[in-house]
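Peer 1: sequence unavailable; structure follows:
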């Protein structure tokens, strides 16, 4: 949706997923213990949806929250990130995705890791060199100022990046440490090889291959923000003793950065399965938003599978229709996952889901539920879901709910501001027939 709106086009219903909208507004709970995943749930009356056989819809948000990823012993790393900031990186919100990933990257730094930043378009500049945890505010400030403009001189960007990497192996401030104790890695982020002539590409590829004893100590990996397989970039990465990553989303970019930084998995938990089972004597029907309704009385568990990064959370939003007076518990939630290292299967404690979770007023509900509900309702409208009631088939209704029933502290939340702005742009484009 962001990519389409950046091109002044209405989002394509075929590519709208409620799960993506929920992930974009994800709220985080207190992290679980190291290497574990915890569960929490909030609920309340729904201002969206419609009654079923006289039963009013309720919303239930179940969240799986990962703890810190286990920290294994590793050599400190120096990532030299060369970012293409040419005009082409504006397409599809590519540079915005890069910025989001780079803002998250410092959470995985150790005290001895270093980050350097090279920006290139027609020219190339070293924006930051050897940023550490102590000076990470400089990194965040620089990332916040990224703007796409100009042409692309990919070769010049690589030259500057290798210059930073080779400058004392990037570790003058730790000169007392043997150079072999550290790993330097050049990471090129671009949307294609078009910014490098065939002659320059061939020359640089040959230089990387023939200078193997030198360049082999500083591998080159490439993140293709264009989301396609670029044969020239693949050859360049191979010559640089690195790898080519298809990085057409913030999540994929962050995974690549963390893998290159830590020389390991970016995940805190693999194959995470969050499953909810409803009691048929308590629940008349339920629906996992973004999926088809299940009116089997809760006899079947509904589940989501995902991978969770360090301290990351993932939520499932359910619309439920409760039967009256059948006890406190309406269902249970459970979570299982595999450890990234070794694949050992783990499980968390079951979470009982009670009627008391479902507050009688949406305005009283927790901000996390309010924001998730509005994001899901927006996605349901954009994907032209048949579950949107006739009286709510207008995004103005979602904005009205946000303005009248959201908690006061939520109105200025950047996620709310972005969602409201997205709704406004969609309305403007549809009025203009786009």
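Peer 2: Cool, the structure landed. As the structure is a computational prediction, the values presented were derived from the model and not from experiment.

Peer 1: going forward, measure contacts between C-alpha atoms and count neighbours the same way
Peer 2: OK.

Peer 1: show me where the stretch 1-150 of the chain has its strands.
Peer 2: Per DSSP state E, counting those that start in this stretch, the stretch 1-150 of the chain carries strands over the ranges 37-45, 58-66, 77-84, 114-120, 124-131.

Peer 1: nearest to residue 165, of the ones you listed?
Peer 2: strand 77-84 (6.5 Å; Cα to Cα).

Peer 1: and for the closest one, what are the contacting residues?
Peer 2: 112-121, 130, 152, 154, 157-158, 161, 164-165, 170, 182-191, 260-262 (Cα atoms under 8 Å, 6 or more residues apart in numbering).

Peer 1: where does the stretch 101-250 of the chain dip in pLDDT?
Peer 2: 168-182, 195, 211-216 (pLDDT under 70).

Peer 1: swap the cut-off to 90 and go again
Peer 2: 104, 107-112, 152-156, 159, 163, 165-184, 191-219, 225-236, 238-242, 246-250 (pLDDT under 90).

Peer 1: all helices of it, in order?
Peer 2: 136-144, 154-166, 198-210, 212-215, 231-239, 250-262 (DSSP state H, counting those that start in this stretch).

Peer 1: returning to what we had before: out of the contacts of strand 77-84, which are buried?
Peer 2: Buried by 16 or more other Cα atoms under 10 Å: 113-121, 130, 152, 154, 157-158, 161, 164-165, 170, 182-191, 260-262, out of the contacts of strand 77-84.

Peer 1: what's the burial count for residue 327?
Peer 2: 11 (other Cα atoms under 10 Å).

Peer 1: and it, what does it touch?
Peer 2: For residue 327, the residues meeting the contact criterion (Cα under 8 Å, 6+ apart) are residue 282.

Peer 1: ok, residue 431 to residue 424 distance?
Peer 2: 11 Å (Cα to Cα, to the nearest Å).

Peer 1: so residue 254 touches residue 101, yeah?
Peer 2: Yes - using Cα atoms under 8 Å, residue 254 is in contact with residue 101, at 4.8 Å.

Peer 1: contacting residues around the closest residue to residue 98 other than its chain neighbours?
Peer 2: Among residues not flanking residue 98 along the chain, residue 250 sits closest, at 6.4 Å (Cα to Cα, 6 or more residues apart in numbering). Applying Cα under 8 Å, 6+ apart, we find residue 250 in contact with 97, 98, 100, 101.

Peer 1: just checking, which of the residues you listed belong to helices?
Peer 2: 97, 98, 100, 101 (DSSP state H).

Peer 1: residue 345 against residue 336, yeah?
Peer 2: Yes - counting by Cα under 8 Å, residue 336 is a contact partner of residue 345 at 7.2 Å.

Peer 1: looking at these two, which has the bigger crowd around it?
Peer 2: residue 336 (21 against 14).

Peer 1: quick check: closest non-adjacent residue to the more buried one.
Peer 2: residue 347 (4.2 Å).

Peer 1: in this structure, which strand has the most residues?
Peer 2: Identified as the longest strand of the chain according to DSSP state E is strand 267-278.

Peer 1: immediately after that one, which helix or strand?
Peer 2: Downstream of strand 267-278, the first helix or strand assigned by DSSP states H and E is strand 283-288.
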